[in-house]
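**Q** sharing a sequence plus its predicted fold:
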Amino acid sequence: MRRNAFRIALVAATAAAALLPATTATAATPYCGITWGSGPKDAPATAYGPLTGVRAGTQPCFDRLVLDVTATSGYHVRYVPEVFEDPTGDPVPLRGGAFLQVVAENPAYDDAGNPTYLPANRAELVDATGLPTLRQVAWAGSFEGQTGLGVGVRARLPFRVLVLSDPPRLVVDVAHQW
């Protein structure tokens, strides 16, 4: 009798285990292998090179914002409740569920003060239509050797910042999801 009770309990436990998810490791696997996080990213200035262009596009796992520069330098990128224009302190209106403040230690002017990048539309530096994550990229000023951009994103998602060369550029990748 005890042996039958043990067998029934064993069969019931096995059947219950079959209904559970296979492993928690599968559930914890990061989206596209992305492990970037959403905390601030900073790098010190190492060179001087003006900003010459801004563009954006999408990849299979993330949207990419590219700042074309003549020499790569430092940066400060972080999520903020609101982006402000430098030096006025005026708020930069942005669409999206979260906002990235991108500060490149690259001016948008040359040594003589001549502009090297003049956006046609300060509120829409790139066409973000159809991008899964980026909603808007707006001008946030260029002052004292730094240029700021406000980036509206769908939600607070992981991002990374890369400094690439040949040609020099600063890249901000924002994941499509966690």
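**A** Noted; the coordinates are in hand. Residues are numbered from 1 along each chain as shown.

**Q** tell me where the protein is predicted with low confidence.
**A** 1-28 (pLDDT under 70).

**Q** kindly recompute the last result at 50.
**A** Across the chain, residues meeting the criterion (pLDDT under 50) sit at 5-7, 9-26.

**Q** how far away from the center of its chain is stretch 33-47?
**A** Relative to the centre of its chain, stretch 33-47 is centred 9 Å away, using CA atoms, centre = their mean, to the nearest Å.

**Q** then stretch 32-40?
**A** Using CA atoms, centre = their mean, the offset of stretch 32-40 from its chain centre is 9 Å.

**Q** now do the strands in the chain.
**A** Secondary structure of the chain by DSSP state E: the strands cover 41-43, 51-58, 62-69, 75-80, 98-104, 134-143, 146-153, 159-164, 169-175.

**Q** in a markdown table: the ones you listed, plus mean neighbour count and distance to residue 32.
**A** (Each C-beta comes from the backbone N, C-alpha and C, glycine too.) What follows is those, written out as a markdown table (neighbours: other CB atoms under 10 Å; distance: least, CB to CB, whole Å):
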| stretch | mean neighbour count | distance to residue 32 |
| --- | --- | --- |
| strand 41-43 | 15 | 19 |
| strand 51-58 | 17 | 13 |
| strand 62-69 | 22 | 8 |
| strand 75-80 | 18 | 20 |
| strand 98-104 | 23 | 19 |
| strand 134-143 | 22 | 17 |
| strand 146-153 | 25 | 17 |
| strand 159-164 | 17 | 12 |
| strand 169-175 | 22 | 7 |
